[in-house]
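J.: with the sequence up front, the predicted model follows.
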Amino acid sequence: MSDDNTISPEGGASAPEASSFIEYGIDEKPPLGESVFLGFQHYLTMIGATVAIPLALAGALGMFEAAPGQIGRLIGTFFVVSGLSTLAQTTIGNRYPIVQGGTFSMLAPALAIIGVVAASEPSGPLWETAILELQGAVIVAGLAEVAIGYLGVMGKLKRYMGPIVIAPVIALIGLALFSTPQITNPNFDAAGSGQDWWLLGITLVSIILFSQYLDKYHRVFRLFPVLIGIVVAWGFAAVMSVTGYYAPGSVSFVDFSSVAAANLVQPIMPFQWGIPRFTPAFIIGMIAGMLASAIESFGDYHSVARMAGRGAPSSRRIDHGIGMEGIGNTLAGIMGTGNGSTSYTENVGAIGITGVASRYVVQIGAIVMLVVGFIGPIGQLFATIPAPIVGGLYIVMFGQITAVGLSNLKFIDLDSNRNVFIVGIALFAGLAIPAYMGQVGSAAAFQEGLSGVAVIGGVLGSTVVANTIFVIGSTGMAVGGIIAFFLDNTIDGTREERGLVEWEMMTEDDADFVPFWQRFGSNDDTPASRAD
């Protein structure tokens, strides 16, 4: 751990931000036993999304009625893909300590595809037909992202993306999820009693207490505030469930019966549901979701670098990261998650809360998650974490991400009306347009509305165009990023005013990121080669 305000040789440049809160830096390796718990903590922060996405897909696919025994296998597949993708990203991708897993950006087109398949009245069970369509669409979208990454598309765009673009993108990653049902939905409870604010509050207060007030008294509180907070709230919910205070079906009820009923070992393999199908219209919709996911990841890379006290990622590192995410998407399609793979914002937030930015820790956690995917009872145990606990976790994680995004504004001239105008409209539009899309309800409803627009309705009302606009318009960071990108590069402003001069000074050089395959067979002992 370092108390100075400079970037290590890997960062390639000095930065005006302190990294003294970092307990373990990117290249540091805590003891193995400690790393297992730290890695487990990293994965606990994103367990809500990792379980919520397959459950949402299972519900839309009708698996609860037609194939309840396959739901645990679907969840396990998400765990396995997450573990493999994370190991690949941290080892041969951008080498940032960032967890990979299912993405909400590709959930929207997935649900639209399921709806279209259902309307076609397939001869067999809906889930058996629809999941093959999802697999094919995800595989092609992944290959498209591989091309975008390794052909350097995102890296070339980086020169036009300064703090005015990055700040709204990162902030909207957090702000876009303030209304998730785990936090705000009053009808979330199946028993009709609404949100359990007491359990959410216990989670929230516990994490704040251990990370901000008690961290100075013991190292355990400083390293494991999230893990301890979740265990405290989860244990409380379990006791209340056993004693009968929480009734079965309530949002806070912990039901361990599914854990006991799960198969000890569940087979997870490529093409386990069958041979994928490739339908052009579905592929286009999934590519739109992938693009929104790539924009989010672009922001995540900058966020994790900033939290870890490193210089902003170079174009080369960004390209390798996006390319590897494309490989992760392709793997997800082959394995049959019905969803893609992306960088987890929750994991980035955990770095800010715990100060643990070790790549090694994330890799250990990935191995644990990979093994867990094949063990049915453990996966089902994660699924018993009540939604209010996930909601409390989200408030802490995404609040941290929002603040990190806004902190990038210190590099720009905030006395400039131009800059304030761009940031304001990007943030507002990034919240308002997705809210409108949510009111519309679905890509099909949006397409129907567009088809009636005079003159241009015939073009905008086509399935491909409507689905693309709907998916991107439903993603706050994509909306805000596109608007900020356009305005920042078209409205007159000096490079100093836009923060680009200082931004370039704190961005690592391309030479500071050494690809995985170039580190072997080389006798180069430069700081850059050692760092990566």
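T.: Cool, got the structure.
J.: packing partners of the helix or strand where I164 lies?
T.: Counting by DSSP states H and E, the element that carries I164 is helix 163-175. With contacts defined as 3 or more CB pairs under 8 Å, 6 or more residues apart in numbering; DSSP states H and E, the packing partners of helix 163-175 are helix 280-307, helix 345-354, helix 387-407, helix 417-440, helix 476-488. Where C-beta positions appear, they are placed from N, C-alpha and C, glycine not excepted.
J.: what pLDDT, on average, does the fourth one get?
T.: To tie it back to what came earlier, the one meant is helix 417-440. Here helix 417-440 scores 92 as its mean pLDDT.
J.: who are the contact partners of P225?
T.: Contacts for P225 were tallied using CB atoms under 8 Å, 6 or more residues apart in numbering; they are I207, F210, S211, D215, I353, T354.
J.: in these, which has the lowest confidence score?
T.: When the contacts of P225 are compared by pLDDT, D215 scores lowest at 78.
J.: and that one, how many neighbours?
T.: D215 has 20 neighbouring residues, counting by other CB atoms under 10 Å.
J.: one more: G72?
T.: By other CB under 10 Å, the residues close to G72 number 22.
J.: not counting its neighbours along the chain, what's nearest L132?
T.: The shortest distance from L132 to any residue that is not its chain neighbour, by CB to CB, 6 or more residues apart in numbering, is 4.7 Å, and that residue is R277.
J.: wasn't that neighbour part of a strand?
T.: No. Inclusion of R277 in a strand is not indicated when DSSP: H, G, I helix; E, B strand; the rest coil is applied; the result is coil.
J.: got the contact list for it?
T.: Remark: with contacts taken as CB under 8 Å, 6+ apart, R277 is in contact with L132, E133, Q135, G136.
J.: separation between it and A110?
T.: Noted for R277: a distance of 14 Å to A110, by CB to CB, to the nearest Å.
J.: gap between the host helix or strand of V205 and the chain center?
T.: Assignment of secondary structure by DSSP H and E places V205 within helix 197-208. Remark: helix 197-208 is offset 23 Å from the chain centroid, using CA atoms, centre = their mean, to the nearest Å.
J.: what do you get for stretch 305-314?
T.: Counting by CA atoms, centre = their mean, stretch 305-314 comes out at 18 Å from the chain centroid.
J.: for the record, mean pLDDT for that stretch?
T.: According to the model, stretch 305-314 has a mean pLDDT of 84.
J.: swap in stretch 271-286?
T.: 88.
J.: can you map out the strands along this protein?
T.: Counting by DSSP state E, the chain has strands at residues 100-101, 342-343.
J.: contact partners of the first one?
T.: Taking CB under 8 Å, 6+ apart as the criterion, the residues outside strand 100-101 that touch it are 46, 49-50, 78, 81-82, 85-86, 88-89, 325, 328, 341-344.
J.: could I get the buried residue list for stretch 30-49?
T.: Applying a neighbour-count criterion of 16 or more other CB atoms under 10 Å, one finds 30, 34-49 buried in stretch 30-49.
J.: an error on my part: the question was meant for stretch 217-225.
T.: Neighbour-count burial for stretch 217-225 flags F221, R222, L223, F224, P225 (criterion: 16+ other CB under 10 Å).
J.: which stretches of the stretch 301-450 of the chain have low pLDDT?
T.: Scanning the stretch 301-450 of the chain for pLDDT under 70 picks out nothing.
J.: where does the stretch 51-200 of the chain dip in pLDDT?
T.: For the stretch 51-200 of the chain, the stretches flagged by pLDDT under 70 are 180-181, 185-194.
J.: how about the helices in it?
T.: Read by DSSP state H, counting those that start in this stretch, the stretch 51-200 of the chain holds these helices, from start to end of the chain: 63-66, 71-92, 107-119, 126-150, 153-158, 163-175, 197-208.
J.: which one of the contacts of P225 is nearest to E23?
T.: Comparing those against E23 with CB to CB places T354 closest, at 7.1 Å.
J.: how close does the closest one get to W127?
T.: Look at T354 and W127: by CB to CB, they are 38 Å apart.
J.: before we move on, what about D413?
T.: Taken as CB to CB, the spacing of D413 relative to W127 amounts to 54 Å.
J.: before we move on, back to that, show me what the helix holding V205 is in contact with.
T.: Surrounding helix 197-208, the residues in contact under the criterion CB under 8 Å, 6+ apart are 183, 225-226, 228-230, 232-233, 236-237, 252, 353, 386, 388-389, 391-393, 395-396.
J.: repeat that with 10 Å
T.: In this structure, residues lying in contact with helix 197-208 by CB atoms under 10 Å, 6 or more residues apart in numbering are 182-183, 196, 214, 225-234, 236-237, 240, 246, 251-252, 353, 385-397, 399.
J.: list the buried residues in it.
T.: Using 16+ other CB under 10 Å as the burial criterion, the residues of helix 197-208 that qualify are L199, L200, I202, T203, L204, S206, I207, I208.
J.: coming back round to it: most neighbours, which of the contacts of R277?
T.: Most crowded among the contacts of R277, counting by other CB under 10 Å, is Q135 at 25 neighbours.
J.: residue contacts, the residue nearest to it when sequence neighbours are not counted?
T.: The shortest distance from Q135 to any non-neighbouring residue, by CB to CB, 6+ apart, is to P276 (3.8 Å). Contacts were defined as CB under 10 Å, 6+ apart; by that measure P276 touches 131-140, 333-334, 336.
J.: quick check: the residue positioned nearest the centre of the chain vs L74, distance?
T.: Within the chain, one residue has its C-alpha closest to the average C-alpha position: by CA atoms, centre = their mean, that is Y344, at 2.8 Å. As defined by CB to CB, Y344 lies at a distance of 19 Å from L74.
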